[in-house]
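Novice: Quick one, fold the following:
(2 chains)
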Number of protein chains: 2
Amino acid sequence: MAEVAPKRRYVVIMAGGVGTRFWPWSRQERPKQLLKLCGDTTMLADTVARVSRLVPTENILIVTGTALRKGVLEAVPELPAANVYCEPLGRNTAACVGWAAMEVAHRDPTGVMVVLPADHVVDGRSSFESDVRKALRLAEAPGVLVTFGIKPDSPSTGYGYIRAGAEWKEGRGARKVLSFHEKPSLSRAKSFIRRGNFYWNSGMFVWRADSILAELRSHLPRLAAGLEAMEAKRRRGRVPRAAIDSVYPRLQSISIDHGVMEKAKRVAVVPASFGWSDIGTWDAVGEVWPKDRTGNASHGVVISVDSSGNLAATEGKPVAFVGVEGLAVVDSGDALLVCSRERSQDVREVVEELKKRGLTGLL
Amino acid sequence: MAEVAPKRRYVVIMAGGVGTRFWPWSRQERPKQLLKLCGDTTMLADTVARVSRLVPTENILIVTGTALRKGVLEAVPELPAANVYCEPLGRNTAACVGWAAMEVAHRDPTGVMVVLPADHVVDGRSSFESDVRKALRLAEAPGVLVTFGIKPDSPSTGYGYIRAGAEWKEGRGARKVLSFHEKPSLSRAKSFIRRGNFYWNSGMFVWRADSILAELRSHLPRLAAGLEAMEAKRRRGRVPRAAIDSVYPRLQSISIDHGVMEKAKRVAVVPASFGWSDIGTWDAVGEVWPKDRTGNASHGVVISVDSSGNLAATEGKPVAFVGVEGLAVVDSGDALLVCSRERSQDVREVVEELKKRGLTGLL
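Specialist: Numbers count the residues shown, from 1 in each chain, chains lettered A, B, ... in the order given. As a prediction, the model looks like this:
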């Protein structure tokens, strides 16, 4: 099967997340995808850069929230402003993917779209490009949905799993997806690992615009009808803002995994040859950041007295640890977090408490 | 025995300390006594305020280091600048006390001086005043040295101990000191507590200037000779700076406890009726600061998720704790300390490491 021509490829970046687990760095108008969590650029800019050799810039679409529009445009100034689509409020990934598919289809009904979250870390850009090219080839066939599977290195209960079957015809290593499994219990995750043919669901997808729209009509007909109502209002290339604002908030809120992938028949998985992390917590950041010889992760000066396994994320401020282990210490200038790394998930409880106390300046 | 008239009383505040255990708040030019560790004023200003109803301001003398002169004058602007005596370098407490006694004796040879460290916390000002008045009466007699004993509430190995004997004649609760004991082992400290007649040595003293000068001549003759060589140069009320700078650095470096108190014959102890702490570490600060209902000590906003027993000293910056216990978290704006409270003593190792690495801006 021939490779899809670059001008017929699209990348859709889902950048609507309002993650609270990176407080105090993350705030309502500066969520995870707009943070420089891994290096000198935002995670969104990293994601755009990662696909820059695969598609022309004008074919990169970003779906985000209205409140994030300014931050997104600042993070990726090279992108045409018209390519930033703003949801009046988040309606989960099925609505986001559906709207983006409609926009791609408007430009090229059989265009192939790569769907990527804006806040994942990928290690190995060439491997990533090669895997995406492979997926693009598979997805060129009508009705085929392609996902990327990550080989698990632990029985994580934080990811959904993909059960893979026989090799995909002409797949060059891709396999047929037998089933999707939501975040499992630890014992179930362990049995997945033992059985061997399970992958983590990375939440990255490739398909033709007409393929995914057909699946949406089939499995989420009300949502598809809503999108078509918006489409019916299209004038001079754009769906009018008023149509989006009236229809979008009433779309069904469901994930693309649950709403479509679990039900679709022709799904392939490309086992990822690149390194991947969705770095969902400060603990995961500590795994990715460089460690000094004392075993503390930081991008700045760390003084360690009998301390190891800590993360210091302090925007350049020197940190001294004395007799402590397994902590994440995060300074945002106006607030400070000191968290047991194994409790990183519970940082969202801090945000809940700030809301309760009306400390809106810190949200 | 009649009470000493206020104009014949002096207070000598020893403010030369270069403590490193309060890093990152404490720095070379801003040691513990110049920090606002307990409230809105510096510990030195607290100490001056504590004696303001006992002696006229012009009778309060401060001995400090040359590098701290500016900070001291800023902390206690009400004090005559001539009352601030600057050691060219620290030579421990015997030299400091001796120099101050010489200065008091120059004003009034039989004047009575109260010697106080600049960096202790006292709870109960009226009780403190009443105990000091009691000591002043005892010290009015020539040759009598008076100290204050703190009733131990635990077998601390961080303090020296005083063994008390029979009641002092006319002492109204004061007792004769039988012996001084340096910081003991834990088992020895426990036996002190069991025996009951032991007090912590608070390092606060009261005596006549001529009494302590006589003791210095008797027990530390070389140090006394040095001070007399300085005194011989006195002109127009002041010992010339050149005489101080040439003599002082060569004075014997020894504590007043070890050099004099342990050897003196006529020593009384006034059991303190006031609350006292030398707050020697961040851990001790955590004991003194107010705790919220989650058991975390702070003067600012603390969000606690399953965390207790922590200290947040962050100069007003809100702190969130998630799943952590027994930590001292200290922010100085330009540096951050995260320390196990039980390892607070080892903060000085951080300062050593900063020196080794040449990070002089943080010293």
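Novice: Where does the stretch 51-200 of chain A get nearest to chain B, residue-wise?
Specialist: As assessed by CB to the nearest CB, chain B sits closest to A:Gly158 within the stretch 51-200 of chain A, at 17.3 Å. C-beta coordinates here come from the backbone N, C-alpha and C atoms, glycine included.
Novice: what separates that residue from A:Ile254, distance-wise?
Specialist: The spacing between A:Gly158 and A:Ile254, counted by CB to CB, to the nearest Å, is 20 Å.
Novice: Counting neighbours around each, name which of those two comes out higher.
Specialist: A:Ile254 (17 against 13; other CB atoms under 10 Å in any protein chain shown).
Novice: list the buried ones in stretch A:207-214?
Specialist: A:207-214 (16 or more other CB atoms under 10 Å in any protein chain shown).
Novice: Just the CA trace of that stretch, in PDB.
Specialist: Taking C-alpha atoms only, stretch A:207-214 is exported to PDB below (Å, rounded to 0.1, in the frame of the first residue of the first chain):
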ATOM      1  CA  TRP A 207      -7.700   7.100  10.700                       C
ATOM      2  CA  ARG A 208      -9.300   8.700   7.600                       C
ATOM      3  CA  ALA A 209     -11.700  11.500   8.400                       C
ATOM      4  CA  ASP A 210     -14.600   9.600   6.600                       C
ATOM      5  CA  SER A 211     -13.800   6.400   8.500                       C
ATOM      6  CA  ILE A 212     -14.100   7.900  12.000                       C
ATOM      7  CA  LEU A 213     -17.200  10.000  11.000                       C
ATOM      8  CA  ALA A 214     -18.800   6.700   9.800                       C
END
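Novice: and the most centrally placed residue in chain A, bridged to which residues?
Specialist: Centroid check for chain A by CA atoms, centre = their mean gives A:Pro117 as the closest residue, at 2.2 Å. Beta bridges link A:Pro117 to A:Met14, judged by DSSP bridges.
Novice: which residues sit in contact with it?
Specialist: Listed by CB atoms under 8 Å, 6 or more residues apart in numbering or on different chains, the contact partners of A:Pro117 are A:13-14, A:17, A:47, A:203-204, A:278.
Novice: and A:Ala82, what is it in contact with?
Specialist: A:Arg238.
Novice: What does it show for phi and psi?
Specialist: With angles defined as degrees, to the nearest 10, A:Ala82 sits at phi -70, psi -10.
Novice: swap in A:Trp25?
Specialist: Torsion angles, degrees, to the nearest 10, at A:Trp25: phi -70, psi -50.
Novice: So A:Gly259, which state does it fall into?
Specialist: Of the three states, A:Gly259 takes helix under DSSP: H, G, I helix; E, B strand; the rest coil.
Novice: could you measure it against A:Gly316, distance?
Specialist: 43 Å.
Novice: Comparing these two, which shows the higher neighbour count?
Specialist: A:Gly259 (23 against 9).
Novice: pLDDT score for the residue lying closest to that one once chain neighbours are set aside?
Specialist: Nearest residue to A:Gly259 in three dimensions, chain neighbours excluded: A:Ala94, at 4.2 Å (CB to CB, 6 or more residues apart in numbering or on different chains). According to the per-residue confidence, A:Ala94 scores 98 in pLDDT.
Novice: and what of A:Val114?
Specialist: A:Val114 is given a pLDDT of 98.
Novice: for it, helix, strand, or coil?
Specialist: Per three-state DSSP, A:Val114 ends up strand.
Novice: can I assume A:Val122 sits in a helix?
Specialist: No - under three-state DSSP, A:Val122 falls outside any helix and is assigned strand.
Novice: Might one say that it is in contact with A:Val132?
Specialist: No - A:Val122 lies out of contact with A:Val132 (CB atoms under 8 Å); the separation is 10.3 Å.
Novice: Help me confirm that the residue nearest to A:Gly259 is found in a helix?
Specialist: Yes - looking at A:Ala94 with three-state DSSP, it is inside a helix.
Novice: I'd assumed A:Glu262 was in contact with it.
Specialist: No - look at A:Ala94 against A:Glu262 with CB under 8 Å: they stay out of range, at 11.5 Å.
Novice: relative to strand A:112-117, how tilted is the strand or helix carrying A:Asp210?
Specialist: Following DSSP states H and E, one finds A:Asp210 within helix A:209-219. Computed with axes from the mean of the first three to the mean of the last three CA atoms, to 10 degrees, the direction of helix A:209-219 lies at 70 degrees from that of strand A:112-117.
Novice: And helix A:209-219, how far out from the chain middle?
Specialist: Offset of helix A:209-219 from its chain centre (CA atoms, centre = their mean, to the nearest Å): 21 Å.
Novice: moving C-terminal of that helix, what's the next helix or strand?
Specialist: helix A:221-232.
Novice: to the chain's geometric centre, what's the distance from that following helix?
Specialist: Chain-centre distance of helix A:221-232: 24 Å, with CA atoms, centre = their mean.
Novice: Name the residues that touch it?
Specialist: Contacts for helix A:221-232 (CB under 8 Å, 6+ apart): A:94-95, A:98-99, A:102, A:106, A:213, A:216-217, A:239, A:243-244, A:247-248, A:250-252, A:254, A:259.
Novice: Quick check: buried residues in that helix?
Specialist: In helix A:221-232, counting by 16+ other CB under 10 Å, buried: A:223-224, A:226-227, A:230-231.
Novice: Also stretch A:80-94?
Specialist: Buried, per 16+ other CB under 10 Å, within stretch A:80-94: A:83-87, A:90-94.
Novice: Likewise for stretch A:127-147?
Specialist: Quick answer for stretch A:127-147 (16+ other CB under 10 Å): A:128, A:131-132, A:134-141, A:144-147.
Novice: Let me know the closest of these to B:Arg235.
Specialist: Comparing those against B:Arg235 with CB to CB picks out A:Phe128 as the nearest, at 82.9 Å.
Novice: The closest one: helix or strand, and which one exactly?
Specialist: Judged by DSSP H and E, A:Phe128 forms part of helix A:125-139.
Novice: Do me a favour and average the pLDDT over that helix.
Specialist: 96.
Novice: which outside residues touch that helix?
Specialist: By CB under 8 Å, 6+ apart, helix A:125-139 touches A:1-4, A:9, A:50-51, A:53-54, A:112, A:114, A:122, A:144-146, A:148, A:168, A:170-174, A:206-208, A:211, A:268, A:270, A:272-274.
Novice: go again using 6 Å as the cut-off
Specialist: Helix A:125-139 has contacts (CB atoms under 6 Å, 6 or more residues apart in numbering or on different chains) with A:1, A:3-4, A:54, A:112, A:122, A:144, A:146, A:174, A:206-207, A:268, A:270, A:272-274.
Novice: quick one, what contacts A:Cys339?
Specialist: Contacts of A:Cys339 by CB under 6 Å, 6+ apart are A:328, B:322.
Novice: Apply 10 Å and report the result again.
Specialist: Shown in contact with A:Cys339 (CB atoms under 10 Å, 6 or more residues apart in numbering or on different chains): A:23, A:281-283, A:311, A:326-330, A:345-347, A:350, B:305, B:307, B:320-324.
Novice: Kindly report the same for A:Met102.
Specialist: A:209, A:212-213, A:216, A:224, A:227-228, A:230-231, A:234, A:239.
Novice: Now do the helices in the stretch 51-200 of chain A.
Specialist: Using DSSP state H, counting those that start in this stretch, the helices found in the stretch 51-200 of chain A span residues A:69-75, A:92-107, A:125-139, A:186-195.
Novice: rewinding a little: any of the contacts of helix A:125-139 buried? List them.
Specialist: So, by 16+ other CB under 10 Å, the buried ones in the contacts of helix A:125-139 are A:4, A:54, A:112, A:122, A:144, A:146, A:174, A:206-207, A:268, A:270, A:272, A:274.
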